[in-house]
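Student: What would the 3D arrangement of this be:
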Amino acid sequence: MNNLGLKVLSVVLAAILWIVITNVDDPVGSKDFDNVTVQIVNEDVITKLDKVYDIVQGETIDFTVEARRSVRDDLKASDFKVTADFTKLSDVYAVPIEITCPKYGDAVVVTGGKDQRMIVSLEELVNETFKVNINQKGEVAEGNFVGPTTANPNIITVSGPKSRIERISEVVVDVDVTGASDSFHSVGQPRVFDENGKEMDVSYIDFNENYVAINVDIYKTKEINLQISTGNPAEGYVMTGIEYEPKRIVVAGKEEDIRRIRYLPVKYNISNATEDISEEIDLQEELPEGIIIVGEDKTAVINIKIEKMNTKDITIWPGDIDFKNKSTSYSLYINTTGPMQVTVMGPEKELNDITRATLKPFIDLADFKNGSYTEHINFDDLMVHSQVTISPEVSFDLALLD
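Tutor: Numbering: from 1, shown residues only. The predicted model follows:
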């Protein structure tokens, strides 16, 4: 008890023993943290210069720390404050990254990655306006069609680095119409796409409106006939055929409007036509206001056959004439003698099939009484486009039998 040297030795040995026990039971070790996001401080330093920055390097970092096991085991990335203070931006646009652990203070020591830098590039801040395009997603309920869609605002201002803004091709807002059967309103966030149709990151882009209101009109659909009329071609010509497709079209509109439309009449003017016509016509222009054609193709293809009228002379005799519906109370006496000249006008193909045998001339006597008559001759089974003239007319008498 009175030996000072032993007292000192015992204190030293106790300290050594405490250190040994502590390091065995709660040893110091390292721990790695990867892809930890760096928080930017005082970025208004850049905006005051009417500039915007883009992070070239150092948006996330990796680092290593040392701490005793009792602390190390509980460490999480969220326990660290990793910052880049833009007030410390160097002339080469480098910002030192500071790593601290407020929760544990000096009990945690950064041993790896503590001297890292964030590298940024500065660009001119620009504003540009774009039309808001609406992108339809999904399909409406059967029997319905997406009519006019409007965006509010329909023009949006985009701000950001010049190099990024110049890449923007369009601003799009999505609207989901899946199963819709009535008009509705929606709200969407704008997205931006480059000229290749690839969606762009908007992290460094600002919109003057972060949300866009969309109004969607849902129309009812209806299938109707297409009816095309033409009139007559130029004098001396005849229309011998008309073909067009489609024969039926699907239209859409508000329910009260679609109920009123039964077919689509189209008047195609051929009044001066002297040759065949092959053309596309815009059907949408023919529809009433508020009615639209469903589908991308809004045209009809029309083919019209125009032929020149030729003439053909055919000789017939009074005996060729059929006097129809003659009463048995009358005797018939034909006064006209000799041949009669019939001139037929029509398309060449039809004229080739018309002969004396096919003309079948007749006079209907159903309403005729006793007396003398001079009448025009009618013809059965003429071709549809043929015209006939005859000279002279036929003279005959009807006499009442005694």
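
Student: so Val52 touches Leu122, yeah?
Tutor: Yes. Counting by C-beta atoms under 8 Å, Leu122 is a contact partner of Val52 at 7.4 Å. (Each C-beta comes from the backbone N, C-alpha and C, glycine too.)

Student: Identify the contacts common to these two.
Tutor: Ile46 (C-beta atoms under 8 Å, 6 or more residues apart in numbering).

Student: more neighbours, the two?
Tutor: Legend: neighbour count by other C-beta atoms under 10 Å for Val52 and Leu122, higher for Val52 (25 against 14).

Student: Next up, the contacts around that one.
Tutor: Contacts for Val52 (C-beta under 8 Å, 6+ apart) come out as 46, 122-125, 160-161, 204.

Student: From these, which land in strands?
Tutor: Mapping these onto strands (DSSP state E) picks out 122-125, 160-161.

Student: so how far is Gly105 from the residue nearest the centre of the chain?
Tutor: Nearest residue to the geometric centre of the chain (C-alpha atoms, centre = their mean): Glu296, 7.5 Å. Glu296 sits 68 Å away from Gly105, going by C-beta to C-beta, to the nearest Å.

Student: gap between the two ends of stretch 141-159?
Tutor: Start-to-end span of stretch 141-159 (C-alpha to C-alpha, to the nearest Å) is 39 Å.

Student: Show me what counts as buried in that stretch.
Tutor: Within stretch 141-159, the residues that qualify as buried are 144-147, 149, 151, 156, 158, counting by 16 or more other C-beta atoms under 10 Å.

Student: how about the residue nearest to Ile61 when sequence neighbours are not counted, phi and psi?
Tutor: Of all residues not flanking Ile61 in the chain, Gln116 sits nearest, at 5.2 Å (C-beta to C-beta, 6 or more residues apart in numbering). The phi/psi pair for Gln116 (degrees, to the nearest 10) reads phi -80, psi 160.

Student: got it, and Ala77?
Tutor: Main-chain dihedrals, Ala77, degrees, to the nearest 10: phi -60, psi -30.

Student: Just list the residues touching it, thanks.
Tutor: By C-beta under 8 Å, 6+ apart, the contact set of Ala77 is 33, 36.

Student: Note down every partner strand of the helix or strand containing Val266 and its orientation.
Tutor: Secondary structure assigned from DSSP states H and E places Val266 in strand 263-267. Partners of strand 263-267 in the sheet, by DSSP bridges, are strand 212-229 (parallel).

Student: Can you report the mean pLDDT over the residues of the partner strand?
Tutor: The pLDDT scores in strand 212-229 average 95.

Student: Adjacent strands (with direction) for the next helix-or-strand element following that strand?
Tutor: Using DSSP H and E, the helix or strand that follows strand 212-229 in sequence is strand 237-245. When pairs are called by DSSP bridges, strand 237-245 turns out to pair with strand 299-308 (antiparallel).

Student: With only the CA atoms kept, save the strand it pairs with in CSV.
Tutor: Extracted in CSV, the C-alpha atoms of strand 299-308 (Å, rounded to 0.1, in the frame of the first residue of the first chain):
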residue,chain,number,x,y,z
THR,A,299,-62.5,10.3,-98.4
ALA,A,300,-64.4,8.2,-100.9
VAL,A,301,-63.0,7.0,-104.2
ILE,A,302,-65.4,7.5,-107.2
ASN,A,303,-65.1,6.1,-110.7
ILE,A,304,-67.5,7.4,-113.4
LYS,A,305,-67.7,6.0,-116.9
ILE,A,306,-68.6,8.7,-119.6
GLU,A,307,-69.2,7.7,-123.2
LYS,A,308,-69.9,9.6,-126.3
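
Student: what about that strand, average pLDDT?
Tutor: For strand 299-308, the mean confidence score works out to 94.
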